[in-house]
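In: Let me see the structure of the following:
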Amino acid sequence: MGRFSFPMAAGRAEALGEIHARPFALVGKSRVIFQLAFLTEGGAVVDHAVLAELARARGVAVPGRDTAHFSMGWGQGTLRWERHTEFSTYFWDAPAPDRFGDSIDTHPFGDQFAAPGSMISGIRLEVRADSAETQAAMDRFDPTSLCLSEVKGGQAMIATDFRQDGDGLTRILVIDKGMTDAGRGAVVQRLLDIETYRTLATMGLSLARSLSPEMRRIEDSLTKITQAMKTGARDNADSLLSDITGLAAELEASAALSLYRFGASRAYYNIVRERIAALDEIQQPGFETIGAFLEKRLAPAMRTCQSIEERQANLSRKLSRATTLLRSWIDVALAQQNSALLSSMNRRVKLQLRMQQTVEGLSVAAISYYIVGLFGYLAKPLDGFGLPIKSGLASALFVPVAIGFTWMVVRSIRKQHDAEDQTGE
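Out: Numbers count the residues shown, from 1 in each chain. Reported below is the predicted structural model:
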């Protein structure tokens, strides 16, 4: 059979590799897992520098800057690194200690580890076989928030209280009742994702709480402005418009600041719900499931973020309507001023027309006077020829002719100018 060597579409390799980008790690029996998630405020450069230092410390080739996934051996386990949109995760597993919660001194996150940013999530998860000692380990959780449920059709039991231990890590216990390595890996990855993404989802809550007083102040200011519009909007339209413009600028600045955070919180919340659904928990008598526990606490936080977003959108529409109303009043005032200005210009044009007509009449008389004068000079020599009409009488008779001729010439020039003006329009 011939080789299929066809030109490949752009992005095909990335699209094919995406479904294998985050495979579940195979997790053996009786393991302890640490996963830390750090916000990458310093950017990918800082994150890569930390990873490169860890690789050099283990004598491993430094990965490329565009790498999104990397793993290397560390002690008795494997250190796995993964880059996300705004954070990165460091996952390390090792054989579990003799007792649940005992300290481990060989992990890679000691004094030599330089965090790439602020830690947003820290998890200590232990997978242990079902035994009396493992069942007794559940006594170390806080009973007021203990979540206990079966997963994978009864092949495992998970327990956590979402409390942090002395190292600031959330403790999770997985009691293995016969899972495969792949099955354990799938359960572990879902639990890690739930804890990491539920923390990231609630980041929007603190922002929402900080924006609420500012929203209240803008709403109160808009109320005062709209009340002022009812009494003296036409007289103070410019100052009121300036105040509304300032409020709108503040609102848009806060909305731009919160746009990404609230959108990210929604996305993370959806991931948490998907991971919880994938666990397919079976509730244990007297205990809450992880899904029920988190839903009661995450849903109100997400509704708070949604409420702030809706308040921002509603307030933006109100500011826009108030601005439009004020601008309409300002436009009316400007139209009235323009109308008064046009009326004044019309009066000036009429006055100029009358003056022009007066000047035209005077110019006809003046020009006629000069023409008659010139005619008189021409007629005086005729007295020496003994003609019956004297020069004075001839000049007198010529006056109407001169006036009529001058008036016709001036009128013709005026009509020509009017025709040129109309053609130009």
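
In: just for the stretch 301-425 of the chain, where's the confidence low?
Out: Using pLDDT under 70 as the threshold, the predicted model of the stretch 301-425 of the chain has low-confidence ranges 328-334, 336, 357-362, 382-388, 391, 417-418, 421-425.

In: All the helices of it, residue numbers only.
Out: Here the stretch 301-425 of the chain has its helices, by DSSP state H, counting those that start in this stretch, at 391-424.

In: Ramachandran coordinates for I120?
Out: With angles defined as degrees, to the nearest 10, I120 shows backbone torsions of phi -100, psi -20.

In: how many other residues sit next to it?
Out: Number of residues near I120 (other CB atoms under 10 Å) recorded here: 16. C-beta: built from backbone N, CA, C; applies to glycine.

In: Next up, the contacts around it.
Out: Taking CB atoms under 8 Å, 6 or more residues apart in numbering, we find I120 in contact with 37-39, 87, 196, 199-200, 203.

In: Let me have these in TSV, extended by pLDDT, secondary structure and distance to F100.
Out: Putting the contacts of I120 into TSV (pLDDT from 0 to 100; DSSP: H, G, I helix; E, B strand; the rest coil; distance: CB to CB, whole Å) gives the following:
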residue	pLDDT	secondary structure	distance to F100
A37	94	strand	23
F38	94	strand	26
L39	91	strand	30
F87	92	strand	28
T196	95	helix	22
T199	93	helix	23
L200	93	helix	27
M203	90	helix	30
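
In: Tell me how far S343 lies from K350.
Out: As judged by CB to CB, to the nearest Å, S343 and K350 stand 11 Å apart.

In: likewise T67?
Out: Using CB to CB, T67 is found at 84 Å from K350.

In: taking the contacts of I120 as a set, which two sit the farthest apart in space?
Out: By the measure CB to CB, these have their two most distant members at F38 and M203, which lie 13.5 Å apart.

In: which one of T67 and K350 has more residues nearby?
Out: Set side by side, T67 and K350 show unequal neighbour counts under other CB under 10 Å, the larger going to T67 at 13 against 10.

In: Phi first, then psi, for the more buried one.
Out: For T67, the backbone dihedrals are phi -70, psi 140 (criterion: degrees, to the nearest 10).

In: What of L169?
Out: Reported as degrees, to the nearest 10, the phi and psi values for L169 are phi -110, psi 140.

In: dump the residue contacts of it.
Out: When contacts are counted by CB under 8 Å, 6+ apart, L169 touches 34, 122-124.

In: Ok, D167 next?
Out: 122, 124.

In: which SS class is the spatially most central residue of the chain?
Out: For the chain, A256 is the residue whose C-alpha lies nearest the centre (CA atoms, centre = their mean; 4.2 Å). Reducing the assignment at A256 to three states with DSSP: H, G, I helix; E, B strand; the rest coil gives helix.
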